[in-house]
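A.B. asks: next come a sequence and a model predicted from it.
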Amino acid sequence: RPGARWIILLEGVNDMLFALMPGMPESERATAADIITGYRLLIARARLHDITIIGCTLPPISDAPVFTPEFQDLHQQVNRWIRDSGEFDAVADLEAALKDPAAPTRMRTGLLSSDGVHPNDAGHAAIAEVFDLDLFRK
C-alpha cells in the first residue's frame with residue numbers, strides 16, 4: 001500500500017495447526033524453519049520499502065481442538081526466534097500478554113472467546129497494551 005509505514009505481523013499459527021491436522025500429507029507440514037523463512041522474506045521486503053516491521057509472538061492456543069505437543073514445540077521454536085533473533089524492528093509479545101501463568105500453553109480464561117481459541121474483547125485490549133506507541137510516532 002502506498003504510504004504504509006508499519007507492518008504488524010502475526011502469522012504462522014494456522015500454517016502450523018492446519019499442517020498438523022490428521023490426514024494432512026507430510027509435504028504440507030510447516031516447520032519452524034519454514035515459518036521463519038517466511039518471516040525473513042517479509043522482513044526483507046519491508047526493509048526495501050523503509051517500513052517498520054513489528055513481529056508478534058504467537059498466542060497460546062492449547063484449547064484448540066487440533067492442539068498437539070508437536071504444535072506446542074513448533075510454537076515455542078517460532079516464538080523464541082521472534083523474541084531473540086533481533087531481526088524484527090520491534091516485538092509485541094502477545095504470548096506473554098495472553099497466557100495463563102498457571103498453564104502457559106493456555107490463554108487466560110477472562111481473555112478467551114467462546115470458541116476456545118481466539119481472544120475476546122478483553123484479550124484484544126491486553127494485546128493493545130503490549131505495543132510501544134512510540135514506534136508509531138516516528
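C.D. replies: Done, it's in. Numbers count the residues shown, from 1 in each chain.

A.B. asks: quick one, grab the pLDDT at residue 137.
C.D. replies: On the pLDDT scale, residue 137 is placed at 88.

A.B. asks: correction: residue 54
C.D. replies: 98.

A.B. asks: next: residue 121.
C.D. replies: 97.

A.B. asks: residue contacts, it?
C.D. replies: With CB atoms under 8 Å, 6 or more residues apart in numbering as the criterion, no residue contacts residue 121. Any C-beta I mention is one placed from the backbone N, CA and C, and that applies to glycine too.

A.B. asks: same check on residue 107?
C.D. replies: 59-61, 63, 98-100, 119, 123.

A.B. asks: CA atoms only for stretch 37-45, dumped as PDB, please.
C.D. replies: Presented in PDB, the C-alpha positions along stretch 37-45 are these (Å, rounded to 0.1, in the frame of the first residue of the first chain):
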ATOM      1  CA  THR A  37      12.000 -18.300   6.300                       C
ATOM      2  CA  GLY A  38       8.600 -16.600   5.500                       C
ATOM      3  CA  TYR A  39       9.200 -14.100   8.200                       C
ATOM      4  CA  ARG A  40      12.700 -13.300   6.800                       C
ATOM      5  CA  LEU A  41      11.200 -12.700   3.400                       C
ATOM      6  CA  LEU A  42       8.600 -10.300   4.800                       C
ATOM      7  CA  ILE A  43      11.200  -8.500   6.900                       C
ATOM      8  CA  ALA A  44      13.500  -8.100   3.800                       C
ATOM      9  CA  ARG A  45      10.600  -6.700   1.700                       C
END
